[in-house]
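Enquirer: Below are the sequence and a predicted model for it; my questions follow.
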Number of protein chains: 2
Amino acid sequence: MRIGELSRETGVAVPTIKFYVREGLLPAGRLTSPNQASYDDGHVRRLRLIRGLIDVGGLSVATVREVLTAVDAPGGSVHKVLGAAHDAITPVPTGRPEGLPEARRTVAELLRRRGWRAEADHPAAEAMAVALAAFQDLGQGAFVEVLDDYAEACERVADADLAYVGRHADVEELVESVVVGTVLGDAVLTALRRLAHVDRSARRYEQHGGGPVAGGGAGAGVTEGGADPS
Amino acid sequence: MRIGELSRETGVAVPTIKFYVREGLLPAGRLTSPNQASYDDGHVRRLRLIRGLIDVGGLSVATVREVLTAVDAPGGSVHKVLGAAHDAITPVPTGRPEGLPEARRTVAELLRRRGWRAEADHPAAEAMAVALAAFQDLGQGAFVEVLDDYAEACERVADADLAYVGRHADVEELVESVVVGTVLGDAVLTALRRLAHVDRSARRYEQHGGGPVAGGGAGAGVTEGGADPS
DNA sequence: GCACTACGGATAGCAGTGCTCTCCGCTATC
DNA sequence: GATAGCGGAGAGCACTGCTATCCGTAGTGC
């Protein structure tokens, strides 16, 4: 197929496709003439992946490029592929909060306590330390007390993720499932956390309400009359 | 204090503070003369909150403004404040994937199955549906099979979050803990998920490796309950 | 009083991101 | 042979998040 059909197939505008090719996210089409090229299903698949990472995962074009480089690298073990994907995805924290060294110790202690085989200088550990230091700066230092609950929840999620990823026999498919599962899985997880918050706060603070309310009211988690947020 | 001291106190450049005031994120100082103003601890606190939401939470200036509007609104119940914060924080999904209607049904079914008191048209439910539809488009439709694991993990997290939030007696403090806990909690949760991935994949795919590898494990002085702002 | 720095307020500018537009010569197709 | 579309390259554009400059005034040390 040519670029127009690729565009129609994926819903991505032609100039945008050209832009992705220029930026190295999408391989160029196979030239059939000096100025004609043909694209195949691999391009469709790759383009859908790019849009998913950008639109749903919220990744930047530069980050997507890194991720795809990791995806395309002749993969070693699953562990290494996952590590490469993590390195590409995990954003380098920008801020330099005050309590960072102490937060780093808190993270290292958590890893030790749970026996996780992860280096204390892993990008994700650093990102977490920055977040914990921000909690501290905001007077929410007591948040560290829920970390073990978070960690246990994450163990459960990670077990499910690894089991899911592990069932892919084909290597390329597996690598892609790692990337998709990691990036889009974040989106699913945070959305679910929000929904669980709504449920838990409804149960805790709105005793009177009946059972589940699937499909009812408009927008906000406000099912009760009263002060309407403008 | 005047703007220079506020800048020194928080590490935010003076022109940036002026910018935040213009953008309505930070209230202007109290004028002591036609062209002199004074700032107080509330400004310091608010400025720290803004930077935390932007730097660690990754929120845009516009989103921070919405969140702070919700924070400043004369709060009703915790449930309402949480709902308002959610509405401000949860990004409106941009993409229009193909399998969206089916994904919406999947989400509604999950809510029903778990008995969560959350509306199926909540922004987070819609965000989740978009993510699930993206999974489907990318040939990862089987991801729905791990949703219950995710949901159980989120119930645990949400219980911990609500318990944490619930211990704040002061209303303003409580509202701020909701916002901070929601936004920065996301960052902590995704970072922990990464670390759990590393651990689980090390255990599963790297049999030879020894025990945990927490590098800087010397830090014993982890301040539990460290509510003292430095 | 006087120099000097910092201030408040306003406007303009600037770097980065993610496309989008335009142009060119060419080619497949009717 | 007309016409639509193509590949490739460069310029442009809208938006975001600051940053720089200017102006007239206020506080401060001498």
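Expert: Now that the structure is in, tell me what you want to look at.
Enquirer: Ranking helices and strands of chain A by mean pLDDT, which lands last?
Expert: Ranked by mean pLDDT, DSSP states H and E, the helix or strand of chain A with the weakest confidence is helix A:78-89, at a mean of 79.
Enquirer: is it anywhere near DNA strand C?
Expert: No. Interface with DNA strand C: helix A:78-89 contributes nothing (C-beta under 7 Å from any atom of the strand), its closest point being 13.8 Å away. Placement of C-beta: from N, CA and C, glycine included.
Enquirer: who touches that helix?
Expert: By C-beta atoms under 8 Å, 6 or more residues apart in numbering or on different chains, the surrounding residues in contact with helix A:78-89 are A:59, A:63, A:66-67, A:69-71, A:73, A:75, A:122-124, A:165-166, A:174-175, A:178-179, A:182-183, B:194, B:197-198, B:201-202, B:204-206.
Enquirer: Stretch A:51-67 too?
Expert: Against stretch A:51-67 from outside (C-beta under 8 Å, 6+ apart): A:10, A:12, A:20, A:23-25, A:50, A:85, A:88-89, A:91, A:179-180, A:183-184, A:186-187, B:91, B:93-95, B:130-131, B:134, B:137-138.
Enquirer: re earlier: which among the contacts of helix A:78-89 end up buried?
Expert: A:59, A:63, A:66-67, A:70-71, A:75, A:122-124, A:165, A:174-175, A:178-179, A:182-183, B:194, B:197-198, B:201-202, B:205 (16 or more other C-beta atoms under 10 Å in any protein chain shown).
Enquirer: how big is the angle separating the helix or strand containing A:V198 from helix B:78-89?
Expert: Assigned by DSSP states H and E, A:V198 belongs to helix A:171-205. Note on geometry: by axes from the mean of the first three to the mean of the last three C-alpha atoms, to 10 degrees, helix A:171-205 and helix B:78-89 are set 150 degrees apart in direction.
Enquirer: what's the residue positioned nearest the centre of chain A in contact with, if anything?
Expert: Compute the mean C-alpha point of chain A, and by C-alpha atoms, centre = their mean the closest residue is A:V183, 2.6 Å away. For A:V183, the contact set (C-beta under 8 Å, 6+ apart) comprises A:52-53, A:56-57, A:59, A:67, A:89.
Enquirer: Need the phi and psi values for the nearest residue to A:T32 once chain neighbours are set aside.
Expert: In this structure, A:T32 finds its nearest non-sequential neighbour in A:S38, 5.5 Å apart by C-beta to C-beta, 6 or more residues apart in numbering or on different chains. A:S38 adopts backbone torsions of phi -120, psi 140, taken as degrees, to the nearest 10.
Enquirer: and what of A:A28?
Expert: phi -70, psi 160.
Enquirer: Grab the nearest non-local neighbour of it.
Expert: Once flanking residues are discounted, A:A28 sits nearest to A:V21: 5.3 Å by C-beta to C-beta, 6+ apart.
Enquirer: what's the neighbour count on the one you found?
Expert: Close neighbours of A:V21, defined as other C-beta atoms under 10 Å in any protein chain shown, add up to 17.
Enquirer: for A:D55, same thing?
Expert: When neighbours are counted by other C-beta under 10 Å, A:D55 registers 17.
Enquirer: Stretch A:88-102 near DNA strand D at all?
Expert: No. Under the criterion of C-beta under 7 Å from any atom of the strand, DNA strand D is not reached by stretch A:88-102; the shortest gap measures 8.9 Å.
Enquirer: now that stretch: how far from the chain's centre is it?
Expert: On the basis of C-alpha atoms, centre = their mean, to the nearest Å, stretch A:88-102 sits 18 Å off its chain's mean C-alpha point.
Enquirer: and the end-to-end length of it?
Expert: End-to-end distance of stretch A:88-102: 26 Å, with C-alpha to C-alpha, to the nearest Å as the criterion.
Enquirer: Check stretch A:112-127 too.
Expert: First-to-last distance for stretch A:112-127 - C-alpha to C-alpha - comes to 17 Å.
Enquirer: what about stretch A:134-146 and chain B, any contact?
Expert: Yes. Against chain B, stretch A:134-146 shows contacts by C-beta under 8 Å from any C-beta of the partner chain at A:134-146.
Enquirer: Please report which of these has the highest neighbour count.
Expert: Neighbour max across the residues of stretch A:134-146 next to chain B (other C-beta under 10 Å) = A:A134, 31 neighbours.
Enquirer: got a list of what that residue touches?
Expert: Applying C-beta under 8 Å, 6+ apart, the residues near A:A134 are A:95, A:97, B:52, B:55-56, B:184.
Enquirer: how does it look with 7 Å?
Expert: By C-beta atoms under 7 Å, 6 or more residues apart in numbering or on different chains, the contact set of A:A134 is A:95, A:97, B:52, B:56, B:184.
Enquirer: Would you indicate which residues of the host helix or strand of the residue nearest to A:A28 are buried?
Expert: For A:V21, the element it lies in under DSSP H and E is helix A:14-22. Applying a neighbour-count criterion of 16+ other C-beta under 10 Å, one finds A:17, A:20-21 buried in helix A:14-22.
Enquirer: again, but for stretch A:110-128
Expert: Of the residues in stretch A:110-128, A:110-112, A:114, A:116-120, A:122-128 count as buried by neighbour count, 16+ other C-beta under 10 Å.
Enquirer: ok, and of those residues, which contact chain B?
Expert: Filtering those for proximity to chain B (criterion: C-beta under 7 Å from any C-beta of the partner chain) leaves A:111-112, A:116-120, A:122, A:124-125, A:127-128.
Enquirer: Just put these in CSV and tack on pLDDT.
Expert: As requested, these are exported to CSV (pLDDT from 0 to 100):
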residue, pLDDT
A:L111, 98
A:R112, 97
A:W116, 97
A:R117, 94
A:A118, 93
A:E119, 92
A:A120, 93
A:H122, 91
A:A124, 94
A:A125, 95
A:A127, 94
A:M128, 96
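Enquirer: Three-state assignment for the residue of chain A at minimum distance from DNA strand D, please.
Expert: Nearest residue of chain A to DNA strand D (C-beta to the nearest atom of the strand) works out as A:G4 at 2.4 Å. At A:G4, secondary structure determined by DSSP: H, G, I helix; E, B strand; the rest coil is helix.
Enquirer: what's the closest non-adjacent residue to it?
Expert: A:G4 sits nearest to A:V14 (C-beta to C-beta, 6+ apart), 6.5 Å away.
Enquirer: likewise A:P97?
Expert: Spatial nearest neighbour of A:P97, chain neighbours left out: A:A133 (3.6 Å); criterion: C-beta to C-beta, 6+ apart.
Enquirer: Can you give me the pLDDT of that neighbour?
Expert: pLDDT for A:A133: 96.
Enquirer: Can you pull the phi/psi pair for it?
Expert: With angles defined as degrees, to the nearest 10, A:A133 sits at phi -60, psi -40.
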